[in-house]
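Participant: any chance you could fold what I've pasted below:
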Amino acid sequence: MGFGILFIGYIFLLNISFYAYTDVLAGVLMLLALEKLRVWNQGFKASFFATIPFFLIGTIEFVLKLLTMFSIAVAPALSVTVAVLRMVSLCPLHLCLLVGIKQITKEVGLDKMESRAIMLLPFSPLLHVCQAFFEIPSLFSGVKEQNLLTVQFILLIASLVFSFIMLSFIYKCYARICLPSDVNMEQKPSRFRFVNEYRAKKEEEQRAEIEARIAEMKQKNQKAKKKKKR
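Facilitator: This is a model prediction of the structure:
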């Protein structure tokens, strides 16, 4: 379906210490996931293209880290520029991803997740712009080091909280949303009769749940139309 791969890829974004080694892997996995998900709405389609700059920057980070490992000097200005670009690239990535989650949760009737995704939208640009700003040490030459470290620590904690919330969104999508491609996917029959019977029962339960959700969505749409007419 894509959400499972997206979940695994996003886990690598929790690496706050050695992200130069894992960003490129996170980018690859997220692109693979969003390639599957982008057919379902415009948000996931935009997320696919928004992840490409992050993947490219992650590749540059990895190359610079390799050069450092082989004792090849890297200009400090280049390292700072790449760090700033990384933070900037995370902003559209998260915005588009949240829009995609908002759209798909609305389609399947997960109203609480939809409203939470909407509430979280303003935090992404605010957080990542602040982080990018504080990645430029020359701007804070006159500020006490202790004060600067305190602000950076607060931003780091905020980033971790935000990432865990995003991770929980992705997991809930994986656990609670069943796309048509998953329902219609053929499964190889087992040699054991009881296994096939169990699978058939579970498929029937899934179909019944999906039909119930569709019926609920239709009722909500009908009520909304009646309110508009009034």
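
Participant: how about the contacts made by the residue lying closest to P92 once chain neighbours are set aside?
Facilitator: Nearest-residue entry for P92: A50, 4.2 Å, with adjacent residues in sequence omitted and distances by Cβ to Cβ, 6 or more residues apart in numbering. The C-beta positions use only the backbone N, C-alpha and C, and glycine is treated the same way. Residues in contact with A50, defined by Cβ atoms under 8 Å, 6 or more residues apart in numbering, are S89, P92, L93, L95, C96, L97.

Participant: need the residues you listed in JSON lines (columns: pLDDT).
Facilitator: Putting the contacts of A50 into JSON lines (pLDDT from 0 to 100) gives the following:
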{"residue": "S89", "pLDDT": "94"}
{"residue": "P92", "pLDDT": "94"}
{"residue": "L93", "pLDDT": "95"}
{"residue": "L95", "pLDDT": "94"}
{"residue": "C96", "pLDDT": "95"}
{"residue": "L97", "pLDDT": "95"}
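
Participant: by neighbours, which of the residues you listed wins?
Facilitator: In terms of neighbours by other Cβ atoms under 10 Å, these top out with L97 at 27 neighbours.

Participant: quick one: buried residues of the helix or strand harbouring L160?
Facilitator: Applying DSSP states H and E as the criterion places L160 in helix 145-176. Taking 16 or more other Cβ atoms under 10 Å as the neighbour-count basis, helix 145-176 is seen to contain the buried residues L155, S159, F162, S163, M166, L167, F169, I170, K172, C173.
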